[in-house]
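> Structure here, sequence nowhere to be found:
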């Protein structure tokens, strides 16, 4: 099975202190460290596990700039066979539909049976997977937390609010957005990254993918960010300062009062 | 008794000569074959350079093998073993003589005729008796007293008691057989001018019992005794390569080839420098053949005495790791996959489910805190930490790392600390206005130099509670007039645990960064308050200035009179305090710094100090440091809780330690154990800083202080 995973490089929330920039329209990007969007990493791991079971190859693609190549290398160290960097000045400022349009170009250029995205980017809006499927006229399933390969189709399970699971069958080719927790992604060490450091990563621009530059990027974007702000802190948690026994009594009392205990 | 009867006895020996010669040949050949088969995996194992420094190695043999140095640590078993070992060594020449006598009746070992021979015979009579008695006692211990460390947990298989008793009985039978034919011979030769048997020895008792037997009967006893000895001897010889009894042969080699520089971690591959590591396709141990030949020899040499696991903190709190079974399982694996008859079936991954042929679980290998208690105890000098680290290197190489460890490892890669904190905040602990007023700590930079580097490391830099250790350390350095500074944002994690968790490449990146930063700083010495950083800088790093732990600095300055202490009772709260010192593994066991911290504590007037039963090289790990804080082990209890309870049992209510990770674990454990208000923990540096006498007579001279202030002033402008 030929699997394409669309991935994105995002500021790592666990290793940064996210602050607003002075203009107040974006976060301060100096001194940020980036990593692959967590859900995308799960998608790559899932792709690798599928290919290990049924054969095929895994391609990881990202839309971005030169700096974004690092996540492709990391996923290639993880085991992905190919990395593709999609970069063009015309792409900057794309909205969700713009990114989906660009990715559509890549999908149509290759022959992929299955396209995976993460459930959402940590700084995104969970738009691209669904839009890409619609643009390609492929079936789509979101929040996927298990995949079983059948003949010409997949059996997928989706997480339903409240922890329930829904099992569906979906025809190939299709697009799935992957929920974190679907697997346990393998560790990628520095040794692995060094070993793929010299592998070539092809770069595609708008003309390579047959993408109409006016339909993407800032000019094509129909959703524009107006503001970015950190909400004011609400009232903090109540801290109990009594002895252990007093605290236990107080917690029980509060839980009962709020209906947490019957 | 006359000559005729003696020749009668030889007549059946001549008949027996063919029989015994055949048994000898078969026995020796079969044993040689077994040893050759056991060598096969060793030849397929990885390289391991253990042929250097023959004198140092011989010294080890004299101390640990011939001298049985570690045995008395377990009084009863150790004493029994020393007697048995001494007995075996004594009986070795006799055993040879006896074997040859089966073929040539009148054979006498050269040098052992006449007086020397009769003295040797007397000694061996008693040696056989002692060994026999030891076997009886050992069997009784196994059957009646059942020391708990011999028990086999269900997950590791069946009890080894039957095997042990079978083996002990065989040795007992060997001693009886030896004594029986000596007794029969002596009884037959009574009245002749032959040496008497040693009084009250086993042969002597048997001789008395046979006193009234007829000459033909004695002949039969002699033959039976000899045959029994012959069969038992060769059975034992050829049975030994199948189990723990193999240590009789391998122990000498295992001790000779034991690692001399234990404090230095095994490289990924012996003989391959860091620069060429990229050429190594696979890191660590994944299959049995990835172990070095010496590590395989370790497996053969284990005597199943259980001392390692008896001291292992992971085993003690119910984690899935038992060093004893780490070895026993590998040995069984090698016996199964390298059978005595048939083809070797090698290459199965060691880690994984039993169905897939795996012998270790992932949790088992991650459970080790590398505290070194097992290695400190093993009488045969078996190595454990290197094997654990090698197995982890294999798992890391395959991407097989627990999710809980992946985040901190990633943060170490991108931020240089496991918490993912910003580099520029590394010196925040020292840069609060309040602290800068009492003790100005400079960050070494382009125009700011220092003689001494205080290497703070991640936890002391970033953890709110541990920053207090950093500030106390800085104040002490300041007090003794050290011209010191820190690296600040340029300092990365020492990588100590990164390396011990098997991420060698990441460790090398952290180390190289730090080495460059240290060299660029131009310092002449390094001081740290973190034993893990101390161990890394001292043993894992190369070409850095000499490094000291702060406890060593304090001890020296106390001796020099630069540090003087106020009496402990100055602080009213301390009046009823009883202190106990907990040895951090990487200060104590791994670096033998046991006395400096204790000397410092004893220099504080009025400080009442007790010792825990498990102290010094038997210290019980608090739960581990570095990445171990992120690992979520399956365990019944926390190590720290056990440790805190040990301190309470010793009668202490203040635990002093000298390691920030010990502090994390002990303070948590005090809460978990419900000992809040009854037990507190304090770092040695914090206690010293609290008790130090300040004043014009102590600490810095005025001019030095002025110099320092100038430097500080310049350091505030970036």
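Cool, the structure landed. Because the structure is predicted, anything quoted here is derived from the model rather than measured. Numbers count the residues shown, from 1 in each chain, chains lettered A, B, ... in the order given.

> Could you check how far whichever residue of the stretch 51-200 of chain A sits closest to chain B is from residue B:602?
Proximity of the stretch 51-200 of chain A to chain B (Cβ to the nearest Cβ) peaks at residue A:186, 2.9 Å away. Bear in mind the C-beta positions are built from the backbone N, C-alpha and C, glycine included. Residue A:186 sits 52 Å away from residue B:602 when distances are taken as Cβ to Cβ, to the nearest Å.

> and those two? which has more neighbours close in?
residue A:186 (20 against 14; other Cβ atoms under 10 Å in any protein chain shown).

> Looking at stretch B:265-283 now, give me its mean pLDDT.
Throughout stretch B:265-283, pLDDT has a mean value of 92.

> Look at it and report the distance between its end residues.
Separation of the first and last residues of stretch B:265-283 by Cα to Cα, to the nearest Å is 15 Å.

> where do the strands sit along the stretch 51-200 of chain A?
When assigned using DSSP state E, counting those that start in this stretch, the strands of the stretch 51-200 of chain A occupy the ranges A:57-63, A:82-86, A:114-118, A:140-149, A:153-160, A:164-171, A:174-178.

> is it possible to export those to CSV including distance to residue A:4?
Formatted as CSV, the strands of the stretch 51-200 of chain A follow (distance: least, Cβ to Cβ, whole Å):
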stretch, distance to residue A:4
strand A:57-63, 5
strand A:82-86, 9
strand A:114-118, 5
strand A:140-149, 14
strand A:153-160, 15
strand A:164-171, 16
strand A:174-178, 9
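
> Out of these, indicate the one that is most buried.
Comparing the strands of the stretch 51-200 of chain A by mean neighbour count (mean count of other Cβ atoms under 10 Å in any protein chain shown), strand A:114-118 ranks first with a mean of 28.

> Off-centre distance for it?
Mean-position distance between strand A:114-118 and its chain equals 9 Å (Cα atoms, centre = their mean, to the nearest Å).

> Check which helices and strands that strand sits against.
Counting by 3 or more Cβ pairs under 8 Å, 6 or more residues apart in numbering or on different chains; DSSP states H and E, the packing neighbours recorded for strand A:114-118 are strand A:2-6, helix A:38-54, helix A:128-136, strand A:174-178.

> What residues does residue A:8 make contact with?
Applying Cβ atoms under 8 Å, 6 or more residues apart in numbering or on different chains, one finds that residue A:8 lies in contact with A:36-37, A:40, A:62-64, A:68, A:71, A:118, A:121, A:124.

> Does residue B:72 touch residue B:81 like I think?
No - the pair residue B:72 and residue B:81 fails to qualify as a contact (Cβ atoms under 8 Å) at a distance of 9.5 Å.

> Neighbour count: those two, which is higher?
When neighbours are counted by other Cβ under 10 Å, residue B:81 comes out ahead of the other of residue B:72 and residue B:81, with 20 against 13.

> What residues are bridge-paired with the closest residue to chain A within the stretch 551-700 of chain B?
In the stretch 551-700 of chain B, the residue found nearest to chain A is residue B:676; the distance is 7.9 Å by Cβ to the nearest Cβ. Residue B:676 has these beta-bridge partners by DSSP bridges: residue B:679.

> Can you tell me which of the contacts of residue A:8 lies closest to residue B:132?
Minimum separation from residue B:132 among these (Cβ to Cβ) is found for residue A:36, which lies at 69.7 Å.

> Kindly state the pLDDT recorded for the closest residue to that closest one other than its chain neighbours?
Setting aside the residues directly before and after it, residue A:36 is nearest to residue A:71 in space (Cβ to Cβ, 6 or more residues apart in numbering or on different chains), at 4.2 Å. pLDDT, residue A:71: 95.

> residues near the residue of the stretch 101-250 of chain B found nearest chain A, how many?
Using Cβ to the nearest Cβ, the single residue of the stretch 101-250 of chain B nearest to chain A is residue B:155, 23.6 Å away. Burial of residue B:155 is recorded as 9 neighbouring residues (other Cβ under 10 Å).

> where does the chain have low pLDDT?
All of this refers to chain A. A:262 (pLDDT under 70).

> Actually, chain B is the one I wanted.
Along chain B, segments meeting pLDDT under 70 span B:1-15, B:190-195, B:570, B:696-718.

> Compute the distance between residue B:262 and residue B:589, please.
10 Å.

> can you pull the contacts of the spatially most central residue of chain A?
Among the residues of chain A, the smallest C-alpha distance to the mean C-alpha position (Cα atoms, centre = their mean) belongs to residue A:118, namely 3.3 Å. Contacts for residue A:118 were tallied using Cβ under 8 Å, 6+ apart; they are A:7-8, A:37-43, A:177-178, A:180.

> again, but for residue A:214
When contacts are counted by Cβ under 8 Å, 6+ apart, residue A:214 touches residue A:220.

> What segments of the stretch 451-600 of chain B are strands?
Under DSSP E, counting those that start in this stretch, the stretch 451-600 of chain B gives strands at B:452-455, B:484-486, B:525-528, B:547-549, B:579-581.

> Of all these, which one comes closest to chain A?
The nearest among the strands of the stretch 451-600 of chain B, by Cβ to the nearest Cβ, is strand B:484-486 at 19.9 Å.

> so residue B:101 touches residue B:107, yeah?
Yes - using Cβ under 8 Å as the test, residue B:101 is close enough to residue B:107 to be in contact (5.4 Å).

> ok, these two, which is more surrounded?
Counting neighbours by other Cβ under 10 Å for residue B:101 and for residue B:107 shows that residue B:101 has the greater number, 18 against 14.

> And that one, its phi and psi?
Listed backbone geometry of residue B:101 is phi -60, psi -30, with angles given as degrees, to the nearest 10.

> one step back: looking at the helices and strands packed on strand A:114-118, which is closest to residue B:394?
Minimum separation from residue B:394 across these (Cβ to Cβ) falls at helix A:38-54, 18.9 Å.
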